[in-house]
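[1] Show me how the following folds:
(chains A, B, C and D)
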Protein chains: 2
Amino acid sequence: MANILTTPAPSTPKRDLLLDTAAALFYRDGYHAVGIDKILAEAGLAKMTLYHHFASKDELIVAVLERRGRGIGAEISAAIEAAGSSPRKRLLALFEWHEGWFDRRDFNGCAFIRAIGEYPAAKSPIHQAVVKQKQAARDRLEAMLAAMEVPDPNAMAIQIHLLLEGAIVSAHTFGDSGIIKSVRDAALALIKSAVK
Amino acid sequence: MANILTTPAPSTPKRDLLLDTAAALFYRDGYHAVGIDKILAEAGLAKMTLYHHFASKDELIVAVLERRGRGIGAEISAAIEAAGSSPRKRLLALFEWHEGWFDRRDFNGCAFIRAIGEYPAAKSPIHQAVVKQKQAARDRLEAMLAAMEVPDPNAMAIQIHLLLEGAIVSAHTFGDSGIIKSVRDAALALIKSAVK
DNA sequence: GTGCTATTATACTGATCTGTATAGTGCTTG
DNA sequence: CAAGCACTATACAGATCAGTATAATAGCAC
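    I've put the predicted structure just below:
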């Protein structure tokens, strides 16, 4: 019952190949810049296979975003768990995960922020898929801060989320993965001044 | 001599109309989503007029971004000057300017961040035009913080810039202009803990 | 008046776009 | 074996894309 909203669509090999190929190309070049013909050529699939699985390109994009959201969520959860049980170390692990992401050769900014940039209308299903993902990120942060016994975990989560969103954008703009240090310093200063 | 890098191209009525129309459409719908034919129809100009002033669509986009950068810079400068001479009030005025921006009916996120999202390659002239603008925003912040006699104005400027970038993105994602309160609270807390 | 420049209008190229139509192949399951 | 399903291949529609070619008009400067 709890996973009604997050249940992924049934997975098949061709469908997965389609999603993986589309995700890589969209992330590298952008959503409008990549046509379905390019995706199909890269994946070696027929056009009708795409329209068998998805009703439209927009639906494919939404599926790509939801799949990516699940993947990132799993990656981050694993990184946090690997950091042990100390709430503070877990928060630092979240920052370190971002640093590692920024350093990846294929890092190209945030696929979700870029999706909203290309589909800015709030009504768009693509926009809404992004809102879901970003809210989940905030919620995850809030839970971590609650574990740290910060006075107002919600307010603090929003602030640190701003730092992280800014860092993702700035790492892409300036090509600087070291920006995560500013996030860590600012976040720890904010927490320190809040608990004091 | 000082303005070699920021000297705008010579202004003519048709060129300005072209830039204004293109800026509005790009900002509303995105860069790839808006074709030059749409811009020309909206502006009531002939296609050859566009290619008389600009060598390509990409060059038009760069010109739009630089023009927008100058416009925003002037707006912010005016807002800061209007706040008087108190460095603290001037910083708060910068935040308030953002709040007013988020509340505009046509607010659709940051045209620069969205441009980088659509032209992610660092080599792209469009990407580089955005870097210039974002660096200018950081520099402006640093000057304001130096006036506040913050110990390390550069580091603090980077941190607060992250908050603002995050706020622009989040205001667009969640449609929430109130996010600026989180920026102000966090920024003031950071400054307080730095001067103490 | 004679160039020069800005602008318009129309037509065109060749590519690319999303999506559909149609027919056929092969595999699996009843 | 027969029905259904996933998938392929090809072709096409109709629109749009960025950019070019060509010819004509109008005003201004020398």
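
[2] Can you list the low-confidence ranges for chain A?
    Counting by pLDDT under 70, the ranges of chain A that qualify are A:1-9.

[3] which helix is the longest one in it?
    As assigned by DSSP state H, the longest helix anywhere in chain A is helix A:57-82.

[4] right, and the helix or strand after that helix?
    helix A:87-103 (DSSP states H and E).

[5] Would you mark the buried spots in that next one?
    A:87, A:90-95, A:97-99, A:101-102 (16 or more other CB atoms under 10 Å in any protein chain shown). For every residue, glycine as well, the C-beta is placed using N, CA and C.

[6] can you pull the contacts of the closest residue to A:Lys47 other than its chain neighbours?
    Using CB to CB, 6 or more residues apart in numbering or on different chains and skipping the chain neighbours, the partner closest in space to A:Lys47 is A:Leu40 (5.7 Å). Residues in contact with A:Leu40, defined by CB atoms under 8 Å, 6 or more residues apart in numbering or on different chains, are A:46-47, A:49-50.

[7] Next: A:Ala22.
    Contacts of A:Ala22 (CB under 8 Å, 6+ apart): A:34, A:39, A:43, A:60-61, A:64.

[8] just to revisit the earlier point, among the contacts of A:Leu40, who's most crowded?
    A:Leu50 (21 neighbours; other CB atoms under 10 Å in any protein chain shown).

[9] Now do it against A:Leu18, distance only.
    Distance, A:Leu50 to A:Leu18, using CB to CB, to the nearest Å: 6 Å.

[10] With A:Leu92 instead?
    For A:Leu92 relative to A:Leu18 (CB to CB), the value is 37 Å.

[11] So the closest residue to A:Met148 other than its chain neighbours versus A:Arg138, what's the distance?
    Distance criterion CB to CB, 6+ apart; nearest residue to A:Met148, sequence neighbours excluded, is A:Pro87 at 4.2 Å. Going from A:Pro87 to A:Arg138 by CB to CB gives 17 Å.

[12] Same check on A:Met156?
    From A:Met156 to A:Arg138 the distance is 11 Å (CB to CB).

[13] higher neighbour count, those two?
    A:Met156 (25 against 19).

[14] OK, contacts around the more buried one?
    Counting by CB under 8 Å, 6+ apart, the residues that A:Met156 touches are A:142, A:145, A:150, A:190-191, A:194.

[15] A:Gly166 too?
    B:161-167, B:169.

[16] now, among those residues, which is nearest to DNA strand D?
    Using CB to the nearest atom of the strand, B:Val169 comes nearest to DNA strand D of the contacts of A:Gly166, at 25.5 Å.

[17] residues in contact with the closest one?
    A:113, A:116, A:165-166, A:169, B:109-110, B:113.

[18] With distance to DNA strand C and secondary structure added, can I get these in a markdown table?
    Conversion of these to a markdown table gives the following (distance: CB to the nearest atom of the strand, whole Å; DSSP: H, G, I helix; E, B strand; the rest coil):
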| residue | distance to DNA strand C | secondary structure |
| --- | --- | --- |
| A:Ile113 | 20 | helix |
| A:Ile116 | 18 | helix |
| A:Glu165 | 28 | helix |
| A:Gly166 | 31 | helix |
| A:Val169 | 25 | helix |
| B:Gly109 | 22 | coil |
| B:Cys110 | 25 | coil |
| B:Ile113 | 23 | helix |
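
[19] do you know how far the residue in chain A positioned nearest to DNA strand C is from A:Ala41?
    Here the residue of chain A nearest DNA strand C is A:Gly35; by CB to the nearest atom of the strand that distance is 2.7 Å. For A:Gly35, the distance to A:Ala41 (CB to CB) stands at 10 Å.

[20] Need the nearest residue in space to A:Phe26, chain neighbours excluded.
    A:Val34 is the one closest to A:Phe26 (CB to CB, 6+ apart), at 5.5 Å.

[21] do A:Gly166 as well
    B:Leu162 (3.3 Å).

[22] element containing the one you found?
    helix B:153-174.

[23] Just the CA trace of that helix, in CSV.
    Only the C-alpha atoms of helix B:153-174 are listed here, as CSV (Å, rounded to 0.1, in the frame of the first residue of the first chain):
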residue,chain,number,x,y,z
PRO,B,153,33.8,38.1,2.0
ASN,B,154,34.7,35.8,-0.9
ALA,B,155,33.9,32.6,0.9
MET,B,156,30.7,34.1,2.3
ALA,B,157,29.7,35.4,-1.1
ILE,B,158,30.0,31.9,-2.5
GLN,B,159,27.8,30.4,0.2
ILE,B,160,25.1,33.0,0.0
HIS,B,161,25.2,32.8,-3.8
LEU,B,162,24.5,29.1,-3.4
LEU,B,163,21.4,30.0,-1.3
LEU,B,164,20.2,32.4,-4.0
GLU,B,165,20.8,30.0,-6.9
GLY,B,166,18.9,27.3,-4.9
ALA,B,167,16.1,29.7,-4.1
ILE,B,168,15.6,30.7,-7.8
VAL,B,169,15.4,27.0,-8.8
SER,B,170,13.2,26.1,-5.9
ALA,B,171,10.9,29.1,-6.4
HIS,B,172,10.3,27.8,-9.9
THR,B,173,10.1,24.1,-9.0
PHE,B,174,7.6,24.6,-6.1
